[in-house]
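Undergrad: Quick one: sequence plus predicted model below, questions after.
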Amino acid sequence: MAFDYDLFVIGGGSGGVRAARVASSGGAKVALAEEYRMGGTCVIRGCVPKKLMVFASGYPAAVEDAQAFGWDASIGNFDWPAFRSKLHDELDRLEGVYRKLLNSSDVEIFDARATLKDAHTVQVGDKTVTAKHVLVATGGHPVRPDLPNADLGIVSNDIFLMEEKPKSILIIGGGYIACEFACILNGLGVEVTQYYRGAQILRGFDDEARGLLAESMNAHGIDVHLGTDIVEMAPADERNDDPTPTGSDATMGASAQHAKDISENPKSDTREKAKGPIWVKATNGTERVFDHVLFATGRAPNTGNMGLEEAGVELGRGGEVVVDEYSQSKVPSIYAIGDVTNRVQLTPVAIREAMAFVETVFKGNPTPIDHDLIPSAVFTQPELGTIGKTEEQARDEGPIEVYCTSFKPMQQAFAGRSDRVLMKLIVCQDTRKVLGCHIVAEHAGEMIQLAGIAVKMGATKEDFDAVVAVHPTMAEELVTMKEPMRTA
């Protein structure tokens, strides 16, 4: 059977674009469909704009430090509209770069929604095409809770589209997205309150590291409430003495469905229902009013209404495409990479999966995905960098030694700041390999990238110790901790 394309990619994010470019450069005839903006979550509504906001939010503290170091420095008000305009100019530029890369690689671009009709047939806009292989790289979307009036709140996509900086915001959630935006907005001068239903933020990260970060967030003025969730919300100007939100049960159900609909729509901007303050009641009984409520309560794969199951593709309980170690679905011609598979939701991982897919399918070199020992960073203030096992995970698997130190670094101590950093190594007693490295400090993301090389290579504690320290630095503690803090 003759096909229109050797490969049809659905999704113009980092993974999809990389796969399309590399396959096409190798001689395959490739097309790619993207219904919204080229660049996907990372470039348009994730990593890139978030990191630029991290930079912006750090300047007030930097000016305070400058004053402590003798500079006659001051900082004025933050001009949100000016920053927002420049931010979107940068996103437009990056989207243009992605399009240029695809065009220069001879990838045919469809600016339309694509759905599957069968294992080899794709409906893209009003056109039907065929492909020998189909790669699903549609990413994911933030979700709102199943709560009446949930559409009053915003999600992470909407932060970058706000026309004005809010005076106050309630953030619901305790994961990395919730904590990052709590620190960003706090740094920009927003009054930030955070509710998390768990016992500690950043579940899944090292307990000691996340505990120190929670203390730091509170010390910087973020009002973190653990063991707390939202139970009711309504427009503040519609509240009365009746604690029941306005509207019938049917209206509430429609509201919750509307919230779900706009969460799954990548083109949705800010919340559509309410423009004014929002009244919120929490599980601890408190009632407060906020300018915005941000739901950072999880993400879900973009697999709805795509014809995947009808084509024979298996979806998991969370809607993710079920794939094997080669990113192949139950349908031999259909593959999936990135967040839509809900394996490891990180942009560099999606790119690695894309490269492995091309090696497997177009270069005849079956390449399984290596999801072991992936370094990552949480861009809070301070940052959290991590690779490998947490102390809790390693303790359950065998005898370990824990090397750990927490201290005030030179710059912060001189400036009179109370911030502390954490350097932590988890070491296997039997093999002496470093099983995990966890850093809480400014620029921890930069440090963990370099430390991650050693951990990935299987370095032992003695390999770390053999490296001469770079003095005076924070990172030198990684090679100067001689005695374990504890064993398990």
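TA: Okay, I see it.

Undergrad: all contacts plus neighbour counts: C-alpha atoms, from now on.
TA: Noted.

Undergrad: And the contacts of stretch 115-131?
TA: 3-8, 33, 110, 112-114, 132-134, 305-308, 310-312, 331, 333-334 (CA atoms under 8 Å, 6 or more residues apart in numbering).

Undergrad: swap in stretch 373-393?
TA: 51, 54, 176, 179-181, 183-184, 205-207, 209, 213, 216-217, 372, 402, 426, 435-445, 447-449, 452, 455-456.

Undergrad: follow-up on the earlier one: in strands only, show me the contacts of stretch 115-131.
TA: Using DSSP state E, the subset of the contacts of stretch 115-131 located in strands is 5, 6, 7, 8, 33, 110, 114, 132, 133, 134, 334.

Undergrad: would you list those residues in TSV and tack on distance to residue 365 and neighbour count?
TA: Compiled in TSV, the ones in strands among the contacts of stretch 115-131 are given as follows (distance: CA to CA, whole Å; neighbours: other CA atoms under 10 Å):
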residue	distance to residue 365	neighbour count
5	21	18
6	17	19
7	17	28
8	20	29
33	26	24
110	29	16
114	29	25
132	18	17
133	16	22
134	18	27
334	18	27
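
Undergrad: how far away is the closest residue in space to residue 145 that isn't next to it in sequence from residue 42?
TA: Among residues not flanking residue 145 along the chain, residue 297 sits closest, at 7.2 Å (CA to CA, 6 or more residues apart in numbering). Distance, residue 297 to residue 42, by CA to CA, to the nearest Å: 18 Å.

Undergrad: same check, this time on residue 218
TA: Residue 218 is 28 Å from residue 42, where distance means CA to CA.

Undergrad: Let me see the backbone angles for residue 357.
TA: Per-residue torsions, residue 357: phi -60, psi -50 (degrees, to the nearest 10).

Undergrad: ok, it - how many residues close by?
TA: Using other CA atoms under 10 Å, residue 357 is surrounded by 26 other residues.

Undergrad: How about residue 117?
TA: Other residues lying near residue 117 total 17 when counted by other CA under 10 Å.

Undergrad: Could you measure from it over to residue 333?
TA: Note on residue 117: its distance to residue 333, by CA to CA, is 13 Å.

Undergrad: Same question for residue 470.
TA: Applying CA to CA, the value for residue 470 to residue 333 is 52 Å.

Undergrad: Tell me which of those two has more neighbours.
TA: Higher neighbour count among residue 470 and residue 333: residue 333, with 16 against 11, using other CA under 10 Å.

Undergrad: How many neighbouring residues does residue 99 have?
TA: Residue 99 - counted by other CA under 10 Å - has 18 other residues nearby.

Undergrad: and what of residue 198?
TA: Residue 198: 15 surrounding residues under other CA under 10 Å.

Undergrad: Make CSV from the ones in strands among the contacts of stretch 115-131 and add pLDDT and distance to residue 466 to it.
TA: Listed next are the ones in strands among the contacts of stretch 115-131 as CSV, based on pLDDT from 0 to 100; distance: CA to CA, whole Å:
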residue, pLDDT, distance to residue 466
5, 98, 54
6, 98, 51
7, 98, 49
8, 98, 50
33, 98, 51
110, 98, 54
114, 98, 55
132, 98, 53
133, 98, 50
134, 98, 49
334, 98, 48
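
Undergrad: Between those, which sits nearest residue 100?
TA: Nearest to residue 100, judged by CA to CA, of the ones in strands among the contacts of stretch 115-131 is residue 110 at 14.0 Å.

Undergrad: Any idea what the spatially closest residue to that closest one that is not a sequence neighbour is bridged to?
TA: In space, and not counting its chain neighbours, residue 110 is closest to residue 33: 4.5 Å by CA to CA, 6+ apart. Note on residue 33: beta-bridge partners by DSSP bridges are residue 10, residue 110.

Undergrad: Surely residue 33 and residue 109 touch.
TA: Yes: Residue 33 lies in contact with residue 109 (CA atoms under 8 Å); the separation is 5.9 Å.

Undergrad: which residue ranges form the strands in the stretch 351-488 of the chain?
TA: 376-378, 383-388, 400-407, 421-428, 434-441, 486-487 (DSSP state E, counting those that start in this stretch).

Undergrad: Can you verify residue 91 is assigned to a helix?
TA: Yes: Residue 91 forms part of a helix when assessed by DSSP: H, G, I helix; E, B strand; the rest coil.
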